[in-house]
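J.: sharing a model that was predicted from the sequence below.
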Amino acid sequence: MGLFDNLFKKNASKSVDIEARFERLRSAISGTMSNFFVAKDRQNGNRIVGVKLCDSDKVDFFESRFKGLNKPSEGEIAMQMTHPNIVHTYEYGTSTKGQQFLVMEYIDGPGLQLLISERQEARLKGRRLEMIRQMAESLAYVHRKEFIHRDICPRNYMATEDLSTVKLIDFGLTLPATKVFMAPGNRTGTPLYMSPEIVRRRATDHRVDIFSFALTCYHLITFELPWQMSDTTGRAALHHDTSPPKDISELCPTIDKGLANAIMSAMHANPEQRTQDMDTFLRQIRTVKNSP
């Protein structure tokens, strides 16, 4: 990562007075380590942007486990992501109150979490295949950049209002795909979508994202999860390698077999038997014609 350090640190803003620079328009769903709001950027022609304000205590706690490893910050990672299916980050920095912040493009549309929780079948019907393809393209790009996102879930995909474009967001838990950052013990992410390797505190690699991606696709298509349970804590994820997932075809009998097989293969509990990379998944769905 050293080759990129100076380049991306130059994009870091000097200390910014958030309230003076941004006119808040509305708050949005907050993440586990941050608050997010939509605003007019007074410094840039009142451009509408999304502003992410990080919770300093939570960020410091997360970063402390990588002390001395020269881990890039969320802002440094986000600035490297230039892809049509990844939210564009304009800048990052520290506020006058000492909070890390990111300024990014505003996507005027629903998150996948909303589409799923409200079971918006009418809006989604016939669109899911293209949405899944774009989701896969974004994750394949992250992996080619040699990072592991580590929090793939419906909350971290946003769509435009007409659902024609889907974008991956939030690199708060993202790590470089290098040995020192893939050591056992880092149990972070969204429990219902965690891979068994993370839950069991084993060594990890990019395949943890593939597992979480498959669960996200499954949820998007069926409005259900492969393991039905009321517990949403980390204990729920213990089922991911102790009981078989319900086959997606049982909940969606009309799904194309190629798409169904691709999703089920990508959520295999054993990473050695799981789909090995996102390019393979994209090849598997290339010939699928009918969208659920």
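T.: Now that the structure is in, tell me what you want to look at.

J.: need the helices for this structure, in chain order.
T.: In the chain, the helices defined using DSSP state H lie at 2-9, 18-21, 56-64, 74-79, 112-117, 121-124, 128-144, 196-199, 207-222, 248-251, 257-266, 278-285.

J.: contacts only, for L215.
T.: C153, L192, Y193, L225, P226, M267 (C-beta atoms under 8 Å, 6 or more residues apart in numbering). Quick note: C-beta positions are derived from backbone N, CA and C, even for glycine.

J.: tell me how far the fourth one lies from D247.
T.: Separation of L225 from D247 (C-beta to C-beta, to the nearest Å) stands at 13 Å.

J.: if we can go back for a sec, make JSON lines out of the helices of the chain and add distance to T242.
T.: Compiled in JSON lines, those are given as follows (distance: least, C-beta to C-beta, whole Å):
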{"stretch": "helix 2-9", "distance to T242": "40"}
{"stretch": "helix 18-21", "distance to T242": "45"}
{"stretch": "helix 56-64", "distance to T242": "28"}
{"stretch": "helix 74-79", "distance to T242": "33"}
{"stretch": "helix 112-117", "distance to T242": "25"}
{"stretch": "helix 121-124", "distance to T242": "31"}
{"stretch": "helix 128-144", "distance to T242": "26"}
{"stretch": "helix 196-199", "distance to T242": "9"}
{"stretch": "helix 207-222", "distance to T242": "15"}
{"stretch": "helix 248-251", "distance to T242": "19"}
{"stretch": "helix 257-266", "distance to T242": "17"}
{"stretch": "helix 278-285", "distance to T242": "25"}
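
J.: nearest spatial neighbour of T222, skipping sequence neighbours?
T.: L251 (4.1 Å; C-beta to C-beta, 6 or more residues apart in numbering).

J.: then R26?
T.: V38 (5.2 Å).

J.: isn't the one you found right up against I48?
T.: Yes. At 6.7 Å, V38 counts as touching I48 under the criterion of C-beta atoms under 8 Å.

J.: so between these two, which is more surrounded?
T.: V38 (18 against 13; other C-beta atoms under 10 Å).

J.: mind listing what the more buried one touches?
T.: Applying C-beta under 8 Å, 6+ apart, the residues near V38 are R24, L25, R26, S27, A28, I48, V49, G50, V51, Y106.

J.: quick check: T96 touching E19?
T.: No. T96 is beyond contact range of E19, at 9.0 Å (criterion: C-beta under 8 Å).

J.: hmm, back to that, max pairwise distance over the contacts of L215: which two?
T.: Spanning the widest gap among the contacts of L215 are C153 and P226, at 14.0 Å by C-beta to C-beta.
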